[in-house]
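> Give me a 3D structure for the following:
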Amino acid sequence: MKQPPPDAIRVDPSRLHGFVHDVARALAIPEKQAEMLADFLIANDLRGVSSHGSALIQRYMNEIRSGRLNPVPEISTVHETENSVVVDGDGGLGYFPAYDATCKAIDKAERKGMAAMVTRNHGHIGAAGIYTRLSVPKDQIAFMTSGVQLNLNPGDQIYRAAGMSPMSFSAPAQTEPALVFDCGVTHDLQGENPPPPFRDAVARLTPGIVLRAIGFGTICQAWGGLLTGMPADGARANHPYSAAHQGAFFFTCRIDLFGDAESFKAEMDDYTARVRELEPLPDTAGAYLPGHLEVEYERSYRADGIPLGNGHQRRLAEVASELGIEPPWE
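Numbers count the residues shown, from 1 in each chain. Below you'll find the predicted structure:
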């Protein structure tokens, strides 16, 4: 397992959950949505995905208090068929329309075999794996991605075509943890002042790897952005809440459309066991399928507390000070 930062303190997950919930309520986010947001962010902290955990509450606070996000959005279904649904987020955080639409798509897939959803007009959806995990207990396999409003200009680096959006895939197993692949496909390639370390050298040495990453990013933008009604030309975009410039796409289908679900999950168990015996990459914790290391983090952090490094502590302390709320470690 990757070790927590040496400057980390351990915080009880329930206290951290309560802190995020109280911050959300202080920002006028309704009770049900405040609880949902705390659930999602603390789940990511427990999985060791601190980039998409409770530290994000500072970003959301700033976006709401500056008027760039709607704290009390009216989530609405715009269009619906037996196999699809389009949900509008009314300028609020993306978690709420994305969760609502994902649950609807999963229910439709239970009845009809497969279904998809699109969401639009909202902010950050968090980690894409939040949504693909929802399909796992239903014996479905799923894909999730999100797009963001781009403003591409002549002469920009090709890396910018991919945005910085995530994608996630999932597949259930029988007794082993589910496979959940969740990543930002081009996060290591973005930025210009300065560019990420070794980016240009890697592009020269292994251009295929970099081009594949950009290719995945363009799918995020096409399916999670353009398909949701987001224009390629930023000048044509209409975002009444300026931080509500994201969309999302989710697809799910039942395993039994193609064969026996229990047999598939048994094969996933065997696959997991065989992968575990492989030689891992140098300086890595072991040979894992995607999502499996997070299960070990969660087991450890539930017992010993979630580790918060200095930067994470500072963000939460600033939020607490600004809103007059006690930090979760006091």
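
> Which helix or strand contains Val86?
strand 84-88 (DSSP states H and E).

> Okay, now the sheet partners of that strand, with direction.
Strand 84-88 sits in its sheet next to strand 76-80 (antiparallel), strand 114-122 (parallel), going by DSSP bridges.

> residues contacting Leu37?
Counting by CB atoms under 8 Å, 6 or more residues apart in numbering, Leu37 touches 20-21, 24, 29, 60, 93, 95. All C-beta spots, glycine's among them, are computed from the backbone N, C-alpha and C.

> one more time with 6 Å
24, 95 (CB atoms under 6 Å, 6 or more residues apart in numbering).

> cool, the one 3 residues further on as well?
Applying CB under 6 Å, 6+ apart to Phe40 gives the contacts 95, 126, 130.

> Compute the distance between Met164 and His124, please.
Plainly put, Met164 is 11 Å away from His124 if you go by CB to CB, to the nearest Å.

> who's more crowded, these two?
His124 (21 against 18; other CB atoms under 10 Å).

> mind checking the SS state of Gln174?
Put simply, Gln174 is coil when judged by DSSP: H, G, I helix; E, B strand; the rest coil.

> got the contact list for the nearest residue to it once chain neighbours are set aside?
Closest residue to Gln174 in three dimensions, ignoring its sequence neighbours and counting by CB to CB, 6 or more residues apart in numbering: Lys265, at 4.0 Å. Lys265 is in contact with 172-174, counting by CB under 6 Å, 6+ apart.

> 10 Å instead, please
Residues near Lys265 by CB atoms under 10 Å, 6 or more residues apart in numbering: 139, 171-176, 178, 255.

> what about Arg314, neighbour count?
Arg314 has 13 nearby residues by other CB under 10 Å.

> There's contact between Ala109 and Val85 in this structure, I believe.
No: contact criterion CB atoms under 10 Å: Ala109 and Val85 do not qualify, at 11.2 Å.

> Give the residues shared as contacts by those two.
115-116.

> Kindly point out which residues are neighbours of both of Met164 and His124.
146, 148.

> how many other residues sit next to His17?
There are 21 residues near His17, going by other CB under 10 Å.
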